[in-house]
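Novice: Sequence first, then the predicted structure:
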Amino acid sequence: MSSVDVQKPVSGVRSALGFMALFRIEMLLALRKRADITNPLLFFVTVLALLPLGVGPEPELLAKMAPGMIWVMALLANMLSQESLFRGDFEDGTLEQLTLLPQPLYFAILAKSLVHWIATGLPLALLSPLLALMLNLPVDGYLCLLVSLLLGTASLSLIGAIGAALTVALRRPGLLLALIVMPLYVPVLIFGTGAVQAAIDGYAYSTQLAFLAALLATAAALAPLAAAGAIRISLDN
Amino acid sequence: MSVTPKSQVVLQVTDLTCIRDGRRLFEGLRFSLHAGAAIQVKGSNGAGKTTLLRTLIGSSSEFSGDILWCGDPYPKGLPAMRDSLLYIGHRGGVRSGLTPLENLTWYGANQEAALSALESVDLTGFEDSLCHSLSAGQNRRVALARLFLPNSPRFWILDEPLTALDVAGVAALEEQMAAHLRNGGSILLTSHQPLSLPGLDALNLSDYTVFESFSDFGGEHVLS
């Protein structure tokens, strides 16, 4: 074998290439496992469709509950799909291979979180106006609901990755994952529902959306770092 | 022993003690791995073979002792080492949702190289089947196909590469490993099966086992 001296790109370029390669692979896997995309969505739609049956079909009551219920269900749908984020990779050894790559684990987790959002958060946000209609949400709230869910679910995907990374080596993480992740979801929930409520009441809601965007920026910068550390700890035994 | 131009020490381990779940697996381990040489780590089940390999690549941090990768101490030597490392663990790192071809391209191979590597491990015709529909042995072959890619990294660390392989598969693997050694590469592997490889040294972890017994009730360590 001739030892061809492969020109090694500088680390920044290599990280970007690694990110793109992983993003492509993860998208391919997500498209092949369509159940992972459709199950959280079905959960989201079913529970919200059941809500009027449970609390009664009074339009005023439903309209009052709509922002909170839609957001809480988005939270749950997101969390339920987090458990499998690293599980498959952990079981087949890919996660260990990822930790051995010269690129930082940060980009790998960012790519996985992005795909997780595209597979769960994005369709959920796009579907939300329909559910808002079902729950009689005032029309003024639609746009705000959509934008806040787009920003918020992206933060949720990133934050959830920390919980998924911490519990990846456990056999049945279920409740523990919820206990770790739920408190971290609270700021997103508060600003998300706050924005929609303000929009319905006719107030300006740009502040709340700006907070959601700030949360997303912080989560994108820090959550993959935390998740990377958590993965190394999880693998270290 | 294969002849290498200069016997460069790739990995030097001195006085290594590995701990897992509070139990010392072995202590005082010392060996060095040269360019162009191979070491087969032996030992009974639970002797710490996998732990040793994972400690060396920096995935497991409960150890004491010195690990030098090309002269650089742990953990400073890790990034440079990982740049030239090919590790195939107990779990092969084969994604079941991808095809063998996609798995190899994900590890950085181009289409042609991946196809010829798959041919070398006798997986022609399975390039485009999903890995979860393949057998355990075939999945092992997909993982091992990485060893047949061109521009392979210099250090191979292989955890039980021969499990689930058939006789022809073992022979092809031995041949590829011998070629790697001739090119100046180094191999550290664990296996219970005998391997025919020129210049293969054996390292038996049982020689370094710590004999610990527990008193029945107190739970105190008694060293014998």
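Specialist: Nice, I can see it. Note that this is a predicted model, so its numbers are computed, not measured.
Novice: show me what contacts B:Phe155?
Specialist: Going by Cβ atoms under 8 Å, 6 or more residues apart in numbering or on different chains, B:Phe155 touches B:Val10, B:Leu11, B:Met81, B:Ser84, B:Leu85, B:Leu86, B:Gly185, B:Ser186, B:Ile187, B:Leu188. Yep, even glycine has a C-beta here, placed from its N, CA and C like the rest.
Novice: count of neighbours near the fifth one?
Specialist: Other residues within reach of B:Leu85, judged by other Cβ atoms under 10 Å in any protein chain shown, total 19.
Novice: From B:Gly97, how far out is it?
Specialist: The gap separating B:Leu85 from B:Gly97 is 25 Å, by Cβ to Cβ, to the nearest Å.
Novice: For the chain, give me the ranges with low pLDDT.
Specialist: All of this is about chain A. A:1-12, A:14, A:237 (pLDDT under 70).
Novice: The intended chain is chain B.
Specialist: Ranges of chain B meeting pLDDT under 70: B:1-7, B:212-224.
Novice: rewinding a little: could you flag which of the contacts of B:Phe155 are buried?
Specialist: Buried members of the contacts of B:Phe155, scored by 16 or more other Cβ atoms under 10 Å in any protein chain shown, are B:Val10, B:Leu11, B:Met81, B:Ser84, B:Leu85, B:Leu86, B:Gly185, B:Ser186, B:Ile187, B:Leu188.
Novice: Can you tell me what sits against stretch A:174-184?
Specialist: Under Cβ under 8 Å, 6+ apart, the answer for stretch A:174-184 is A:Leu75, A:Met79, A:Gln82, A:Glu83, A:Ile159, A:Gly160, A:Ile162, A:Gly163, A:Ala164, A:Leu166, A:Thr167, A:Leu170.
Novice: Mind giving me the ChimeraX select for those residues, buried ones only?
Specialist: In ChimeraX, this line selects whichever of these come out buried by 16+ other Cβ under 10 Å:
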select /A:75,79,82,83,159,160,162,163,164,166,167
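Novice: Run a quick neighbour tally on the residue in chain A that chain B sits nearest to.
Specialist: As assessed by Cβ to the nearest Cβ, chain B sits closest to A:Gly93 within chain A, at 2.9 Å. Per other Cβ under 10 Å, the neighbour tally for A:Gly93 reads 20.
Novice: what's the nearest residue to it if we skip its chain neighbours?
Specialist: B:Arg91 (2.9 Å; Cβ to Cβ, 6 or more residues apart in numbering or on different chains).
Novice: OK, contacts around that neighbour?
Specialist: By Cβ under 8 Å, 6+ apart, the contact list for B:Arg91 reads A:Glu91, A:Asp92, A:Gly93, A:Glu96.
Novice: which element is the last one on?
Specialist: I take that to be A:Glu96. helix A:94-100 (DSSP states H and E).
Novice: you'd agree A:Gly141 is in a strand?
Specialist: No. Using DSSP: H, G, I helix; E, B strand; the rest coil, the secondary structure at A:Gly141 is helix, not a strand.
Novice: tell me the contacts of it?
Specialist: Counted by Cβ under 8 Å, 6+ apart, A:Gly141 has contacts A:Ala66, A:Pro67, A:Ala132, A:Val196, A:Ala199, A:Ile200.
Novice: Over to A:Leu150?
Specialist: A:Leu150 is in contact with A:Gly121, A:Leu122, A:Ala125, counting by Cβ under 8 Å, 6+ apart.
Novice: Next: A:Ile118.
Specialist: A:Ile118 neighbours (Cβ under 8 Å, 6+ apart): A:Met27, A:Ala30.
Novice: Which of the contacts of B:Arg91 are buried, as a ChimeraX select command?
Specialist: Typed into ChimeraX, the line below selects the buried ones among those, using 16+ other Cβ under 10 Å:
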select /A:92,93,96
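Novice: Just the closest residue of chain B to chain A, please.
Specialist: Residue nearest to chain A within chain B (Cβ to the nearest Cβ): B:Arg91, separated by 2.9 Å.
Novice: Look at that residue and tell me its secondary structure.
Specialist: Recorded secondary structure, B:Arg91: coil (three-state DSSP).
Novice: Same question for B:Val10.
Specialist: Put simply, B:Val10 is strand when judged by three-state DSSP.
Novice: Strands of the chain, start to end?
Specialist: Because you didn't say which chain, this covers chain A. Under the criterion DSSP state E, strands are not mapped anywhere in chain A.
Novice: Please refer instead to chain B.
Specialist: Using DSSP E, strands in chain B cover B:9-20, B:23-34, B:38-42, B:63-69, B:72-73, B:85-88, B:155-159, B:186-190, B:200-204, B:212-214, B:221-223.
Novice: Surely B:Asp15 touches B:Phe63?
Specialist: No. Using Cβ atoms under 8 Å, B:Asp15 is not in contact with B:Phe63, being 10.3 Å away.
Novice: Can you pick out the residue with more neighbours from these two?
Specialist: For B:Asp15 versus B:Phe63, the count of surrounding residues by other Cβ under 10 Å is larger for B:Phe63: 22 against 11.
Novice: For residue 204, which non-adjacent residue is spatially closest?
Specialist: In the absence of a named chain, chain A is used. Leaving aside its sequence neighbours, A:Ala204 sits nearest to A:Ala198 (Cβ to Cβ, 6+ apart; 7.0 Å).
Novice: Switch to chain B, please.
Specialist: Closest residue to B:Asn204 apart from its sequence neighbours, by Cβ to Cβ, 6+ apart: B:Lys42 at 4.7 Å.
Novice: Please name the residues that touch residue 52.
Specialist: Using chain A here. A:Leu62, A:Met134, A:Leu135.
Novice: that's the other chain; I wanted chain B
Specialist: Taking Cβ under 8 Å, 6+ apart as the criterion, B:Leu52 is in contact with B:Leu16, B:Cys18, B:Leu25, B:Phe26, B:Leu29, B:Val41, B:Leu205.
Novice: Swap in 7 Å and give it another go.
Specialist: Shown in contact with B:Leu52 (Cβ atoms under 7 Å, 6 or more residues apart in numbering or on different chains): B:Cys18, B:Val41, B:Leu205.
Novice: picking up where we left off before, for the residue of chain B closest to chain A, give its distance to A:Leu98.
Specialist: Remark: distance between B:Arg91 and A:Leu98 (Cβ to Cβ) = 12 Å.
Novice: re the thing from before, nearest to B:Val142, out of the buried ones among the contacts of B:Phe155: which one, please.
Specialist: Distance to B:Val142 across the buried ones among the contacts of B:Phe155 (Cβ to Cβ) is lowest for B:Leu86, with 14.4 Å.
Novice: now the closest one, which residues is it bridged with?
Specialist: Beta-bridge partners for B:Leu86, by DSSP bridges, are B:Trp156.
Novice: isn't it right next to B:Phe148, touching?
Specialist: No. Taking contacts as Cβ atoms under 7 Å, B:Leu86 lies outside contact range of B:Phe148: 11.1 Å.
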